[in-house]
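Chemist: Here you go, sequence then predicted model.
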Amino acid sequence: MLNDLIPQALHSDVNQFLHELMQLGQHVPTHCPYCQNQTFSQTRAEPLTFRCKACLKYFNPLTHTPFNRLQPVAWLTRILCDRVNRKTYQEIADTLDCDIKKIMRRDKAIKKQMQLHFPDVYQWYCAHNDVAGQFNTNPINDALSAQHQAFKQKLSEILTTTNSPCLYCHSPHTVKVGQRATFRCDRCRRGFSLLRDTPIMRLPHADLWLTYLDLLVAKHSNYAIASQLCMNSGTIGTWRRRWCYTMQLWGFESLAIWCQRL
Ligand SMILES: [Zn+2]
Ligand SMILES: [Zn+2]
């Protein structure tokens, strides 16, 4: 699950934390969490349950941890991964077909455990998931920055292409028309775009696209971008989705996730 959205420096900590989450329900405790007595017996295997021989209380590996009663354990890693991929609580609740409160309670427990054992990951995770309409406070990391540059490079190459054989009749005699990588064939008289099959094919203001991408990656709101580019905010409102979808189509998935919402 480790991806470009997580800073390289945190990869091993996140890996370790995920590993611990996966082991949670299977770990046999060394003592009773209520009275610390070390003699107890297993009463059930699924879910793993024990009974203390001193205080006679039942307990399981999650008793007295932030994850008490938060079965199934498999949901925890799932929620963590989805949150890294910037899914909202509602989106996760919809895929797991449960109440949003269940997701929020589990994420809260994940954060609590993270704060205790992996404080650096905790700091990053909280800023990464600040989706209350707030500015995301994490700076862009190197891997995403590289994707940003590569995406712009690919786009620039397409936009500055001056010769392209006709997509229909393969004739080399074509003429470029306008700014958006659109060509017209002299032989079959048909028009074609190098951006066909992308949602940005008919997007206006191609001269502003690269500047727009910088603002988008820098996490500016639609409104802020519109005012900086002197464009109508209604027009710019549809851009984010189209650009993110184009990033996905071209294989820049992490960049698309980074840009899809503030
Ligand atoms: Zn006990
Ligand atoms: Zn042609």
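Modeler: Nice, thanks for sending it over. Because the structure is a prediction, the values reported are computed rather than measured. Ligands and ions are numbered 1, 2, ... in the order given.
Chemist: quick one: Asp13 is in a helix?
Modeler: Yes. Judged by DSSP: H, G, I helix; E, B strand; the rest coil, Asp13 forms part of a helix.
Chemist: so it touches Pro119, yeah?
Modeler: No. If you go by Cβ atoms under 8 Å, Asp13 and Pro119 don't touch, sitting 9.4 Å apart. No exception for glycine: its C-beta is placed from N, CA and C like everyone else's.
Chemist: residues in contact with His117?
Modeler: Phe17, Glu20 (Cβ atoms under 8 Å, 6 or more residues apart in numbering).
Chemist: how far does stretch 56-64 sit from the chain's center?
Modeler: 35 Å (Cα atoms, centre = their mean, to the nearest Å).
Chemist: hang on, the earlier thing: who has more neighbours, Asp13 and Pro119?
Modeler: Asp13 (18 against 11; other Cβ atoms under 10 Å).
Chemist: pLDDT score assigned to that one?
Modeler: pLDDT recorded at Asp13 is 95.
Chemist: need the contact list for it.
Modeler: Contacts of Asp13 by Cβ under 8 Å, 6+ apart are Phe118, Asp120, Val121.
Chemist: and ligand 1, which of these reach it?
Modeler: Counting by Cβ under 5 Å from the ion, nothing from the contacts of Asp13 sits close to ligand 1.
Chemist: For these, which single residue is the most surrounded?
Modeler: Result: Val121 is most packed of the contacts of Asp13 (other Cβ under 10 Å), 21 neighbours.
Chemist: Which ones among the contacts of Asp13 map onto helices?
Modeler: Among the contacts of Asp13, the ones falling in helices (DSSP state H) are Asp120, Val121.
Chemist: want to try TSV for the contacts of Asp13, with distance to Arg44 and pLDDT as columns?
Modeler: Converted to TSV, these look like this (distance: Cβ to Cβ, whole Å; pLDDT from 0 to 100):
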residue	distance to Arg44	pLDDT
Phe118	31	95
Asp120	37	93
Val121	33	94
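Chemist: from the contacts of Asp13, which single one is nearest ligand 2?
Modeler: Nearest to ligand 2 out of the contacts of Asp13 is Val121 (Cβ to the ion; 55.2 Å).
Chemist: which non-adjacent residue is nearest Gln90?
Modeler: Leaving aside its chain neighbours, Gln90 sits nearest to Ile100 (5.6 Å; criterion: Cβ to Cβ, 6 or more residues apart in numbering).
Chemist: Please verify my assumption that that neighbour contacts Tyr89.
Modeler: Yes. Here Ile100 reaches Tyr89: they are 5.1 Å apart, a contact under Cβ under 8 Å.
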